[in-house]
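Visitor: after the sequence you'll find the predicted model.
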Amino acid sequence: MKENNRIEMNYFETMKKYLLIHLLFLCPFFMYASDKDSNANILINKNLKLKSINTFHSLHPLDINETKAIPIPLPEKLYSNEIITFESNKIPVNYELFKCHVSTLDLEVQMDYNSFVKRQIDFFGVKWQSKLKQMITKSEYFFPIYEEVLNTYDMPIELKYLSIIESGLNPFAGSHAGAIGPWQFMPATARIFDLRINNSIDERRSILKSTHAACTYLKQMHNQYDDWLVALAAYNCGPGNVRKAMRYSGKKDFWGIYNYLPRETQNYVPKYIAMTYMMNFYDAYGIIPAPIDPTEFDTESVYCQKGLDFTIIAKKLNMSNEELLHINPEIKTTKIPYTHDGYLLNIPKNRYEEFYNCQDELLKESEIRAEQIRLEEAKKPKPKYYLVKRGDCLPIIARKFGITVSQLKSWNNIKGSLIYPKQRLRISN
């Protein structure tokens, strides 16, 4: 009984010391939050307190007092969907705090603080906070890929945050102008940097390939202007607009040419600076990462030899075609876009061994399915075609072959009504 009492006393003594140490850490934080600056007032809720404690979770009670008492373990990492609120809907940061924070980072890209940057910090930290929380968690999967490629090109690691501004770390993101992928390449620019786009593949949506292209483009812009902020502006609006802004302003730096840049680019660079700041110091403001489903991100690339069928692979891995396509964003159809003798396909990491253990089965079943498809195609009637003559128009051709104008347009990818002599039109499905 005495032995049990002694262990129990040691346990409570340990926990008391443990809490005291955390209070010592937390006190400066709460004092900081009550800064005289009007912007430095923050509504601290229970999540903020939990995050502050979690920051020091590596301190273990057994490190404080050598005892065999078993403490209550703290979670390794906190996740929460709850939104932190701030007084006046503003992040409590000023010039001094911003510079103090940034000075602790080893950054190559210039980090300026002004009203434009502050407005974007408030936006990302308040109105966009739910998305920011998701970005923090998703970055655990995207950033290792970005960092490896950025290191290959000897470029600033912090440029990885630019992809959040571009796409919200979404390989399927698309703009109204036609830009697609995590780095938002337009079709013409994508082809300049050797990204393939056709009916079966769009490499702008490949995380790895598009990052290589983005690094090449950004490095070219930096070599041209010798200023990373100007290089970012050129990435957004094109070097032509940057040269025009420099000519009109007589300046060479971003803030010097700011007023002569397109409105979107004026906001683009402050957004990048604000995002870089918030992604590094979100926890200083009590923001906690959001939980996400890791299955679509926790993947492994496997080598598929030519001949393997996409649908057969999905079936063997107990996945639908849609699920397998989702983790292979560059593939547009269920036909694997083989180059040379193979292709690197993404599959869930927990099915990596399963994939390689059934290679013979995959190849055999794929061969059977290929033969079935060939036989089915052979049975299908071949489409008929018509060569347009002078004076023809779509209604006349449609009436001649007993079909509708809509069918003619659909089968031939015609959006308007214009056709021309000697044009080959498909007149049967």
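Guide: That came through fine.
Visitor: what are the buried residues along the one helix or strand Asn223 maps to?
Guide: Assigned by DSSP states H and E, Asn223 falls within helix 207-225. Residues 207-215, 217-219, 221-222, 225 are the ones in helix 207-225 that count as buried (16 or more other CB atoms under 10 Å). Glycine gets a C-beta too; all of them are placed from N, C-alpha and C.
Visitor: show me where the stretch 201-350 of the chain has helices.
Guide: Assigned by DSSP state H, counting those that start in this stretch, the helices in the stretch 201-350 of the chain fall at 207-225, 228-237, 239-249, 254-257, 263-281, 310-316, 321-326.
Visitor: most tightly packed of the ones you listed?
Guide: Stretch with highest mean neighbour count among the helices of the stretch 201-350 of the chain: helix 228-237 (a mean of 24; mean count of other CB atoms under 10 Å).
Visitor: that helix vs helix 207-225, what angle?
Guide: Orientation check (axes from the mean of the first three to the mean of the last three CA atoms, to 10 degrees): helix 228-237 against helix 207-225 gives 120 degrees.
Visitor: what's helix 228-237 packed up against?
Guide: helix 207-225, helix 239-249, helix 254-257, helix 263-281 (3 or more CB pairs under 8 Å, 6 or more residues apart in numbering; DSSP states H and E).
Visitor: could I get the average pLDDT for the last one?
Guide: With pLDDT averaged residue by residue, helix 263-281 scores 98.
Visitor: ok, residues contacting that helix?
Guide: Residues outside helix 263-281 that contact it (CB atoms under 8 Å, 6 or more residues apart in numbering) are 91, 98, 101-102, 105, 107, 109, 111-114, 116-117, 119-121, 123-125, 132, 135-136, 139, 158, 161-162, 164-165, 229, 232-233, 236-237, 241, 254, 258-259, 287.
Visitor: which intervals of this structure have sub-threshold pLDDT?
Guide: Residue ranges of the chain with pLDDT under 70: 1-77.
Visitor: residue contacts, the most centrally placed residue in it?
Guide: The chain has Leu169 as the residue nearest its centroid, 1.2 Å off, counting by CA atoms, centre = their mean. Leu169 makes contact with 135, 138-139, 142, 163, 182 under the criterion CB under 8 Å, 6+ apart.
Visitor: can I get the residues you listed in a markdown table with secondary structure?
Guide: Shown next, in a markdown table, are the contacts of Leu169 (DSSP: H, G, I helix; E, B strand; the rest coil):
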| residue | secondary structure |
| --- | --- |
| Met135 | helix |
| Lys138 | helix |
| Ser139 | helix |
| Phe142 | helix |
| Ser163 | helix |
| Pro182 | coil |
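Visitor: closest to Gln372 out of the residues you listed?
Guide: Nearest to Gln372 among the contacts of Leu169 is Pro182, at 36.8 Å by CB to CB.
Visitor: what about the strands in the stretch 301-429 of the chain?
Guide: Using DSSP state E, counting those that start in this stretch, the strands of the stretch 301-429 of the chain run over 342-348, 385-387, 424-426.
Visitor: just these: most buried one?
Guide: strand 342-348 (a mean of 18).
Visitor: show me what it is packed against.
Guide: If you count contacts as 3+ CB pairs under 8 Å, 6+ apart, strand 342-348 packs onto strand 299-305.
Visitor: grab the CA positions of the strand it packs on and hand them over as CSV.
Guide: Provided in CSV are the C-alpha atoms of strand 299-305 (Å, rounded to 0.1, in the frame of the first residue of the first chain):
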residue,chain,number,x,y,z
THR,A,299,0.6,7.6,-52.9
GLU,A,300,3.5,5.7,-54.4
SER,A,301,4.6,5.6,-58.1
VAL,A,302,4.9,2.2,-59.7
TYR,A,303,6.3,1.2,-63.0
CYS,A,304,3.8,-0.2,-65.5
GLN,A,305,5.2,-2.1,-68.4
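Visitor: offset the numbering so it begins at 47, please.
Guide: Right, with 47 as the first residue, what we last looked at is strand 345-351.
Visitor: what angle do it and helix 253-271 make?
Guide: For strand 345-351 against helix 253-271, the angle by the same axes, to 10 degrees is 100 degrees.
Visitor: same for strand 345-351, what does it pack against?
Guide: On a contact count with 3+ CB pairs under 8 Å, 6+ apart, strand 345-351 meets strand 388-394, helix 398-403.
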